[in-house]
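J.: no sequence for this one, just the structure:
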């Protein structure tokens with residue numbers, strides 16, 4: 001328990017930011033699931049739209065320091081490779 005008034009304020013701010021970050025991470029994981037489902041169903045059109053959504057969310061989250069930039073870049077590269085493999089497989 002904080003004894004100083006400014007420490008009490010910081011606790012409130014941290015709780016609010018934690019909720020916001022949890023919301024963003026949840027949204028990212030939902031879109032990742034949609035992308036992986038489209039890849040599993042071999043649906044290129046849906047997968048490419050979902051890929052763009054995931055990349056956008058990852059970039060925004062990395063920009064806001066919700067996730068680390070390298071983490072976002074690693075996930076984007078992994079998903080891009082999945083999409084490319086799907087496109088090559090369909091040809």
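T.: Now that the structure is in, tell me what you want to look at. Values in this document were obtained by computation on a predicted structure and should not be read as measured data.

J.: Need the nearest residue in space to the residue positioned nearest the centre of the chain, chain neighbours excluded.
T.: For the chain, residue 28 is the residue whose C-alpha lies nearest the centre (CA atoms, centre = their mean; 3.3 Å). Leaving out its chain neighbours, the residue that sits closest to residue 28 by CB to CB, 6 or more residues apart in numbering is residue 57, at 5.1 Å. (Glycine included, C-beta is placed from N, CA and C.)

J.: With residue 36 instead?
T.: Closest to residue 36 by CB to CB, 6+ apart is residue 82, at 7.8 Å.

J.: Check which residues of stretch 53-72 are buried.
T.: 53-55, 57-58, 61-62, 66-67, 72 (16 or more other CB atoms under 10 Å).

J.: ok, back up a step: next up, identify which helix or strand the residue nearest to residue 28 is on.
T.: helix 44-63 (DSSP states H and E).

J.: And the pLDDT at residue 75?
T.: Reading off the confidence values, residue 75 has pLDDT 98.

J.: Can you list the residue ranges for helices in this structure?
T.: Secondary structure of the chain (DSSP state H): helices at 5-40, 44-63, 69-90.

J.: if we can go back for a sec, show me the contacts for the residue nearest to the centre of the chain.
T.: Residues in contact with residue 28 (CB atoms under 8 Å, 6 or more residues apart in numbering) are 54, 57-58, 61, 67.

J.: With residue 54 instead?
T.: So residue 54 contacts 28, 31-32, 35, 75-76, 79 (CB under 8 Å, 6+ apart).
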